[in-house]
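Engineer: sequence unknown, structure follows:
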């Protein structure tokens, strides 16, 4: 059974804090599919409430992975959607769980195939430790040290009133 | 999926999977830097024994956009000219350790044949005789479903022309049974294979009648020089009148009907120029989507090959420990 490590209230609180820290005149959010995209949507909503102009993009890193040869393609591959030119922009790369850093490496590679951003910062909801690459987040929602073989998942469920409920769980691999 | 021989070997689920990956490849083709590293360090050889511009270019671009090294060989420049057999050519190329061989040949079944002798190479069929042309049909399916905004299931495709010699027709007939769309074949009897109804399609000789209620009109190329002299039909002009697609005829199907052609088109023979250039024509989208589909097929075949090899190596390691 997956064990709940952060509940709805804790996630909401950190989302609020992250949105506050990101606030600027304009914010460019690029979510990494699929967890990062959901997180970017949530941040976008909160930033808009603060009157910030938010531009959204999404990356699917399937074709940039370094382990393509060991795993076959995920049955559902989504398209990357970066419709606006990212050149010269200050980009926030957004993901849900930061672990080895390999996903971020792949996302950076793909991002630069779309243009040359002025800067790229990394925002993650959960930093679970266990990095294998020299990659560190600029903004972290929740810090948690997980055992190396554990899987950390972010869940968003709609309750009977249609309100979304957040949950972060840990389970054995 | 190690090889792609034809639609016959694919399940409906596998076709859907390939179409979904193809759709995500479209993004790479539309941005300014059209390259992703998925097939870096992989070698793809295009071995074309028949003339082709679009399929060969499409496979070449597909491989290059995924960072593979692509080598093109056409029959006119190969050792085949000196009398080398297909098997020898295949084995020679395979000895250079490519990851995939993309083959077009006039011999039906040549891909199956070569695959038996080349255990370490993925074989992809780019058209074998009058047998199959799977990547063209996957391209058509992607184009149709994106243009309609729904799945092809339950739709009606009227396919007109030289069915007997067409590998595209054969692949579509197989795909229609798997995905549940209906094909109406329209052709003179001289250009229809016997007992083609066994594929579950309907057959007609009256284009005007068949086109009504169609969602897609699929025109096949007429090899006019060859066929007219072989007495398959009396004259090119008569063929155009009876089996050609022109404005008035297309109007019977309505504005929603998609016009498709696998190319190259004979304007004024099977398709009138104004129809070929009309808004209903999806011919150029077929060409564009062809690249994305071939990117998906190359990725699937080559990645499977490597995944299988890694698995085999892992099993060997385990055996050592015992």
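Structural biologist: Cool, got the structure. Everything numeric here is computed off the predicted structure, so don't read it as measured data.

Engineer: Contacts for stretch A:147-163 next, please.
Structural biologist: Residues outside stretch A:147-163 that contact it (CB atoms under 8 Å, 6 or more residues apart in numbering or on different chains): A:2, A:5, A:11, A:35, A:38-39, A:96-97, A:99, A:125-126, A:128, A:130, A:144, A:146, A:164-173. To be clear about C-beta, it is placed using only N, CA and C from the backbone, and glycine gets the same treatment.

Engineer: what about 7 Å?
Structural biologist: The contact list for stretch A:147-163, computed with CB atoms under 7 Å, 6 or more residues apart in numbering or on different chains, reads A:35, A:38, A:96-97, A:125-126, A:128, A:130, A:146, A:164-173.

Engineer: Quick check on the residues you listed: which are buried?
Structural biologist: A:35, A:38, A:96-97, A:125-126, A:128, A:130, A:146, A:166-170 (16 or more other CB atoms under 10 Å in any protein chain shown).

Engineer: Tell me the one of those residues nearest chain B?
Structural biologist: Comparing the buried ones among the contacts of stretch A:147-163 against chain B with CB to the nearest CB places residue A:35 closest, at 17.3 Å.

Engineer: Quick one: residues contacting the closest one.
Structural biologist: A:95-97, A:154.

Engineer: same thing but at 6 Å, please
Structural biologist: Residue A:35 makes contact with A:96, A:154 under the criterion CB atoms under 6 Å, 6 or more residues apart in numbering or on different chains.

Engineer: Residues contacting stretch B:146-165, please?
Structural biologist: By CB under 6 Å, 6+ apart, stretch B:146-165 touches B:130, B:144-145, B:169, B:179-187, B:191-193, B:210-211, B:214-220, B:222, B:243, B:258, B:270, B:282.

Engineer: among the residues you listed, which ones are buried?
Structural biologist: B:130, B:144-145, B:169, B:179, B:181-187, B:191-193, B:210-211, B:214-220, B:222, B:243, B:258, B:270, B:282.

Engineer: Would you report which members of the contacts of stretch B:146-165 are assigned to strands?
Structural biologist: B:182-186, B:216-219, B:258 (DSSP state E).

Engineer: If we only consider those residues, which is nearest to chain A?
Structural biologist: residue B:258 (22.5 Å).

Engineer: from what I can see that closest one touches residue B:216, true?
Structural biologist: Yes - with contact defined as CB atoms under 6 Å, residue B:258 counts as touching residue B:216 (4.7 Å).

Engineer: rewinding a little: rebuild the ones in strands among the contacts of stretch B:146-165 as a markdown table, extending it with distance to residue B:236.
Structural biologist: Shown next, in a markdown table, are these (distance: CB to CB, whole Å):
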| residue | distance to residue B:236 |
| --- | --- |
| B:182 | 30 |
| B:183 | 25 |
| B:184 | 23 |
| B:185 | 21 |
| B:186 | 17 |
| B:216 | 25 |
| B:217 | 20 |
| B:218 | 20 |
| B:219 | 15 |
| B:258 | 25 |
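
Engineer: For residue B:110, state which of the buried ones among the contacts of stretch A:147-163 is nearest.
Structural biologist: When those are ranked by distance to residue B:110 (CB to CB), residue A:35 comes first, at 45.6 Å.
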